[in-house]
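[1] A structural model of the following input is requested.
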Amino acid sequence: MLGPTALRNYVLMSDIKFHGVTYNKNTNPIDLKYGDLNNDGSISIGDVTSAYSIANNQSVVTLHDAVVSIGYAAFYGNSTLEEITLPASLTKIDSAAFEECSNLSKVTINAVLPPTIGTEIFYVEGAIPSATDLEIYVPAESVDIYKNNSEWSEYATLIKPIA
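    Down below sits the predicted model:
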């Protein structure tokens, strides 16, 4: 993996292609500033609040289509984050990735197959949020797959179809 500084702090004047991922000059800086670019062009968001500053002043975040994994406690404790959209390419969410994100109320996961997950990814104050506090949206054809998946079943009451 190339380090997260590989594309950090650049203002693009034109489109660039880096390890198979094309970045548009109008791309949201979230896509460019955070995460490790893997050799296959996919992006992995690192461990322990590395992504905290992604949403530090943003309540709504959409991760780049090339993101394949979110590391341990990547967004831990971010109270600004209210909504996040995760790409179809996502295959793994490590433990505590969104733990103590006390204002997170909507997670949209575009992956048809449930990503593997660690423990307590959405816990707040040691418990799963209620369905009135957090809604997890997944592709309509995947709702039952997520709800019946052994890793996702504890979040079954929060899972709803993307409209």
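[2] Check which helix or strand the residue lying closest to P139 once chain neighbours are set aside maps to.
    Residue nearest to P139 in three dimensions, not counting chain neighbours: V112, with 5.3 Å by C-beta to C-beta, 6 or more residues apart in numbering. (C-beta placed from N, C-alpha, C; glycine too.) With the criterion set as DSSP states H and E, no secondary-structure element contains V112; it sits in neither a helix nor a strand.
[3] which ones are touching V112?
    Contacts for V112 were tallied using C-beta atoms under 8 Å, 6 or more residues apart in numbering; they are 88, 139, 141-142, 145.
[4] which secondary element of this protein has the worst mean pLDDT?
    Within the chain, confidence by mean pLDDT, DSSP states H and E is lowest for helix 29-33 among all helices and strands, at a mean of 40.
[5] Within the helices and strands, which one has T108?
    Secondary structure here is read from DSSP H and E; on that basis T108 sits in strand 106-109.
[6] Sheet partners, orientation included, of that strand?
    The strands beside strand 106-109 in its sheet (DSSP bridges) come out as strand 83-86 (parallel), strand 135-138 (parallel).
[7] Output that strand in PDB, but only the C-alpha positions, please.
    The C-alpha trace of strand 106-109 is given here as PDB (Å, rounded to 0.1, in the frame of the first residue of the first chain):
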ATOM      1  CA  LYS A 106     -28.200   7.200   8.700                       C
ATOM      2  CA  VAL A 107     -25.800   4.800   7.100                       C
ATOM      3  CA  THR A 108     -26.300   3.800   3.500                       C
ATOM      4  CA  ILE A 109     -24.400   0.800   2.300                       C
END
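[8] Which other helices and strands does the very next helix or strand once past that strand contact?
    Using DSSP H and E, the next helix or strand after strand 106-109 towards the C-terminus is strand 116-117. For strand 116-117, the elements it packs on are strand 92-93, judged by 3 or more C-beta pairs under 8 Å, 6 or more residues apart in numbering; DSSP states H and E.
[9] Now E141: closest residue in space, sequence neighbours ignored.
    For E141, ignoring the flanking residues on the chain, the nearest one in space by C-beta to C-beta, 6+ apart is V112 at 7.0 Å.
[10] Relative to Y123, how far out is the one you found?
    According to C-beta to C-beta, to the nearest Å, V112 and Y123 sit 25 Å apart.
[11] Same check on C101?
    The gap separating C101 from Y123 is 9 Å, by C-beta to C-beta.
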